[in-house]
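>>> test case, fold it:
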Amino acid sequence: MAELVSLGEAVQEAVHDGDTVALEGFTHLIPVAAGREIIRRGLRDLTLVRMTPDIVYDQLIGAGCARKLVFSWGGNPGVGSLHRFRDAVENGWPVPLELEEHSHAGMANRYVAGASGLPFAVLRGYAGTDLPSVTSTIKQVTCPFTGEQLAAVPALNPDVAIVHAQRADRSGNVQLWGLIGVQKEAVLAASRSIVTVEEVVDELTPMPGAVVLPGWALGYVAEVPGGAHPSYAQGYSERDNAHYQSWDAISRDRESFDAWLRQKVFA
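Predicted coordinates for the structure are as follows:
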């Protein structure tokens, strides 16, 4: 049953060194504040999971929190590369980073399998690509009914899933709407979960197309206004494009990145 706590309390209770951690959100509702709280707490040896790791994962990697990344695309959206990510892969700074790469469809199906209590997912995918040759978690299976060759990928069951949403009620039921990714599936697949929200309200009013995560399925809910910045939260904030552009220069250089950490995360 969800507990309403501070962000610091939620991360302290739910995230531990060596955990597999998924911070999900697709362009919208990215749990950036939670990622920075993980950095502040000095967590290490994490396996980070995300369909589209962007600048918050660049920050986590550059801060030395990660030993492995499981993903399907990585970049600074609309700008270019993730330079802290590249430095870790190419030069092992600040620590070497192991990679496990999938397609978007493969990652989404892995979350669905995890949420469904299944050991693996089957999909039509990866044909014509070299990913199966470099990713050990992609296998071929034969359909027992048609003989068709299909791809199989193992379920994703993170130790912790972290998402951001617009609001929660005082019983810990969470409501999110707008551009939705795999937040629901990630939360249901994980052993523990944290949801940061723009606000806690007395009652959740209906919204078109909204997803409601029931309090009984969640671990911790923390009220963190602006917790998705620089991504956006529909109905609450707009995307800060200038922030994404400025990140390119900050992250290119180790010294400028370290200065940013001291000024913006640890200050």
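>>> so which residues of the stretch 151-267 of the chain form strands?
Using DSSP state E, counting those that start in this stretch, the strands of the stretch 151-267 of the chain run over 160-169, 174-176, 192-201, 211-213, 220-223.
>>> buried stuff in the fourth one?
Right, strand 211-213. 212-213 (16 or more other Cβ atoms under 10 Å). C-beta coordinates here come from the backbone N, C-alpha and C atoms, glycine included.
>>> who does that strand touch, helix- and strand-wise?
Other elements packing on strand 211-213 under the criterion 3 or more Cβ pairs under 8 Å, 6 or more residues apart in numbering; DSSP states H and E are strand 174-176, helix 183-189.
>>> can you list the neighbours in contact with that strand?
Contact with strand 211-213 is made by 165, 173-177, 180, 183-184, 187, 195, 204, as judged by Cβ atoms under 8 Å, 6 or more residues apart in numbering.
>>> now with 6 Å?
Applying Cβ atoms under 6 Å, 6 or more residues apart in numbering, the contact partners of strand 211-213 are 174-176, 180, 184, 187.
>>> again with the third one
Counting contacts by Cβ under 6 Å, 6+ apart, the residues outside strand 192-201 that touch it are 10, 14, 31, 34, 160-169, 174, 187, 218-225, 227, 233, 236.
>>> possible to save the contacts of strand 211-213 as JSON lines with neighbour count and pLDDT?
Output for the contacts of strand 211-213, formatted as JSON lines (neighbours: other Cβ atoms under 10 Å; pLDDT from 0 to 100):
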{"residue": "174", "neighbour count": "29", "pLDDT": "98"}
{"residue": "175", "neighbour count": "19", "pLDDT": "98"}
{"residue": "176", "neighbour count": "28", "pLDDT": "98"}
{"residue": "180", "neighbour count": "17", "pLDDT": "94"}
{"residue": "184", "neighbour count": "21", "pLDDT": "97"}
{"residue": "187", "neighbour count": "26", "pLDDT": "98"}
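>>> return the member of the residues you listed nearest to residue 155.
Proximity of the contacts of strand 211-213 to residue 155 (Cβ to Cβ) peaks at residue 187, which lies at 14.5 Å.
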